[in-house]
Every structure is written in structure tokens, then in C-alpha cells.
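Asker: structure here, sequence nowhere to be found:
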């Protein structure tokens, strides 16, 4: 795609604000036009380059039709660390395997800690692709090995880089990765402990349920928030009772995460909890529960035909399976279900 005449002049005119509307003309460029844009950007100040790329990043996040990857890719080697960081962030949805090598190099060698952290975070999508079997074996091994080598082998690694690396490798559900998460959780600073709880959720193994349960009662809101998110991603139904009890948390962000986690766990029991939350005394909780129910209905989640839209119908039918319970009865109900399932197995 070719940009129209004069667009570069407008974009690079440092006497005027970045013309956001005209940046759309730099979307989906072919190789040569993209190289001309980057060459032109190299002629202006770091500050102007940062502003241009940040504006590109912002408008690309707002419109899926816009794609500045050709420009972001060529800015990974920029002299300015902040430009390199924004370029990494701009490539967040790009899953081309040719990005793995440059991101690993930046993660391991960049002189700016913020860039190394951004590169480590960006590798997370490739770790997930590896776990899903959607990467070549050699690429998957390269991602895993480089993240582990730096986490385990570099004592001078900053907390922020180490945090992003641990979070990124978490989707790979292997013993060595679980050991890294557990060691971080047990021995690291509070900041890294929080990252380890987040990583437990990304890892998704039920082995983390006891640790998540413990952190749901943490004093620090940030730890509770990450534990709630991890509970939703692990998806174990046994986590519903403690989550349901947390809807009265005094931190509104934690409250929102609780409702989202209940919805993420899903199933008929979670659906009943959400229905009960539409009767909660807190306006914020009620609205969050209504939104979660509508989201589940929109995606036609299997097994949730018991839901009724309280915004339009008000009263839900009494189910035949006995799941119309008060929140206080939730834990005992789940215990009964587990006993029934165990009896069926035997």
C-alpha cells in the first residue's frame, strides 16, 4: 500500500502535533514504502519518533483494520530505547516465527531494562503457541530454553525482567517451569511473589489450587487480584465458594476480577452464583454480574441454558437439579457433587 503525497511531511513536521488522522495512511505498507517511512523517521528527534509510534500503537489498538507491523518491525533496531519498546508493544499480535530470534536477542542483550522486560513479555505468546503445539519444535525449544536460562542463570537480572520472563514461560506446563514458578513464589520479593501467582494462572495446572486459595486471603489487594485471576484461569469448580465470598472485597478492582473469574470457571453452578449476585446490595457487583451473564449468553456457552436475563425477565425458574441455593450453601453443594462423582467412578 502506498501513502498519499505529503503524508510524511505532515507526520514529520515537528512544529505541529502528530496528525493522527493521517497516520492511517501508513497502515499495511509494503516493504519499500515502510523502509522509506522509517528512514524519514530516523531524520527527526527521538521525541518525535516516540510520539509517532505511540500514536500508531494507540490507533491500531482501536481499529483492527489498521496494521503498522512493517514500521514497528523496522524500529526494533532504533537507537532510542523507548522507540524500541513501543515497537515491541506494537507487534504484540504478530505471531510470525521470524520475530522469535530478534525478541530473544533483545531480551538477553538490550542495554535498556525496559526493553528487555518488554521483549520478555512479548515472548509469552510464543510460549503459549508452543504449549498448544502451534510452533515448530525447534522454535518452541528456543523460546523455552532462552527464558529458562536467563531466569535460572543470571543473578543480576532485574525484578521487572525476571517477572516478565516468569510470566511469559508460565503457559508451558512442564516440571521445570512449575519448579521455577514455585521457587519464585516461596523465595522471592513480594513483587515477584505476585508475578508467581499470576504465572500459576497462566500455567493452569490444578496443582496450584492450594496456593491460590491461600492468596485469596492475602492482605495486599494486588496479591488478591492476581489470585482471583489465577482462579478463573485454572477453572477449578472448588474455587467457586471462596470466590463467591470475596464479592464484598473492599477493593473494587478485586470485586470486578471476582465476577470475571466466576464467569470464566463457568458451568451451571457458576451461572447460579452469577444469578444470585444480580441480587447483591452493591450496585457495582450487580452490574458486573449482569454484564457477565450477558457475555455468557452471547457466546452461547454450553450448559448455561438455565440462565435467564434478569434485565428483562426478573425472576428465574426454580431448577430441578437443586442448584438454586444461597451462597452459604455453595460449598456443601459442591462437596456433595464431588462425593457423587467419586461414587460413580467406583
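Answerer: Received the coordinates, thanks. Computed from a predicted structure; not experimentally measured. Numbering: from 1, shown residues only.
Asker: how about the helices in the stretch 51-200 of the chain?
Answerer: Counting by DSSP state H, counting those that start in this stretch, the stretch 51-200 of the chain has these helices, from start to end: 69-74, 81-90, 100-109, 113-122, 124-131, 137-153, 159-169, 175-187, 190-203.
Asker: so where's the stretch 201-346 of the chain shaky on pLDDT?
Answerer: Within the stretch 201-346 of the chain, the segments meeting pLDDT under 70 span 299-346.
Asker: need the helices of the stretch 51-200 of the chain in a markdown table with distance to residue 225 and mean neighbour count, can you?
Answerer: (C-beta placed from N, C-alpha, C; glycine too.) What follows is the helices of the stretch 51-200 of the chain, written out as a markdown table (distance: least, Cβ to Cβ, whole Å; neighbours: other Cβ atoms under 10 Å):
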| stretch | distance to residue 225 | mean neighbour count |
| --- | --- | --- |
| helix 69-74 | 30 | 21 |
| helix 81-90 | 22 | 22 |
| helix 100-109 | 26 | 18 |
| helix 113-122 | 18 | 23 |
| helix 124-131 | 19 | 21 |
| helix 137-153 | 23 | 17 |
| helix 159-169 | 14 | 23 |
| helix 175-187 | 16 | 16 |
| helix 190-203 | 9 | 22 |
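Asker: could I get these as TSV with distance to residue 62?
Answerer: Shown next, in TSV, are the helices of the stretch 51-200 of the chain (distance: least, Cβ to Cβ, whole Å):
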stretch	distance to residue 62
helix 69-74	16
helix 81-90	13
helix 100-109	25
helix 113-122	20
helix 124-131	20
helix 137-153	30
helix 159-169	25
helix 175-187	34
helix 190-203	26
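Asker: for the stretch 1-150 of the chain, give me the ranges with low pLDDT.
Answerer: Short version for the stretch 1-150 of the chain, where the test is pLDDT under 70: 1-5.
Asker: straight-line length of stretch 17-36, end to end?
Answerer: 21 Å (Cα to Cα, to the nearest Å).
Asker: got the buried residues for it?
Answerer: Residues 18, 22-27, 29, 33-34 are the ones in stretch 17-36 that count as buried (16 or more other Cβ atoms under 10 Å).
Asker: count the neighbours of residue 218 for me.
Answerer: Per other Cβ atoms under 10 Å, the neighbour tally for residue 218 reads 17.
Asker: for residue 278, see how far away the most centrally placed residue in the chain is.
Answerer: In the chain, the C-alpha nearest the mean C-alpha coordinate belongs to residue 202, at 8.6 Å (Cα atoms, centre = their mean). For residue 202, the distance to residue 278 (Cβ to Cβ, to the nearest Å) stands at 30 Å.
Asker: residues contacting the closest residue to the residue nearest to the centre of the chain other than its chain neighbours?
Answerer: With sequence-adjacent residues excluded and distances taken as Cβ to Cβ, 6 or more residues apart in numbering, residue 202 is closest to residue 170, at 3.7 Å. Applying Cβ atoms under 8 Å, 6 or more residues apart in numbering to residue 170 gives the contacts 124, 127, 177, 181, 198-203.
Asker: dump the residue contacts of the closest residue to residue 75 other than its chain neighbours.
Answerer: Closest residue in space to residue 75, ignoring its immediate chain neighbours: residue 87 at 3.9 Å, by Cβ to Cβ, 6+ apart. Applying Cβ under 8 Å, 6+ apart to residue 87 gives the contacts 53, 72-73, 75-76, 78.
Asker: in JSON lines: the residues you listed, plus distance to residue 272.
Answerer: Putting those into JSON lines (distance: Cβ to Cβ, whole Å) gives the following:
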{"residue": "53", "distance to residue 272": "48"}
{"residue": "72", "distance to residue 272": "46"}
{"residue": "73", "distance to residue 272": "48"}
{"residue": "75", "distance to residue 272": "50"}
{"residue": "76", "distance to residue 272": "49"}
{"residue": "78", "distance to residue 272": "53"}
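Asker: and which of those is nearest residue 264?
Answerer: Proximity of the contacts of residue 87 to residue 264 (Cβ to Cβ) peaks at residue 72, which lies at 30.9 Å.
Asker: quick one: contacts for the nearest residue to the closest one once chain neighbours are set aside?
Answerer: Excluding its sequence neighbours, the residue lying closest to residue 72 (Cβ to Cβ, 6+ apart) is residue 90, at 3.7 Å. Neighbouring residues of residue 90 by Cβ under 8 Å, 6+ apart: 53, 56-57, 60, 68-69, 71-72.
Asker: report the separation between residue 90 and residue 69.
Answerer: Going from residue 90 to residue 69 by Cβ to Cβ gives 7 Å.
Asker: count of neighbours near residue 9?
Answerer: 10.
Asker: secondary structure element for it?
Answerer: For residue 9, the element it lies in under DSSP states H and E is helix 7-12.
Asker: got the contact list for that helix?
Answerer: 16, 18-19, 22-23, 25-26, 36-37, 40-41, 43-44, 48, 52.
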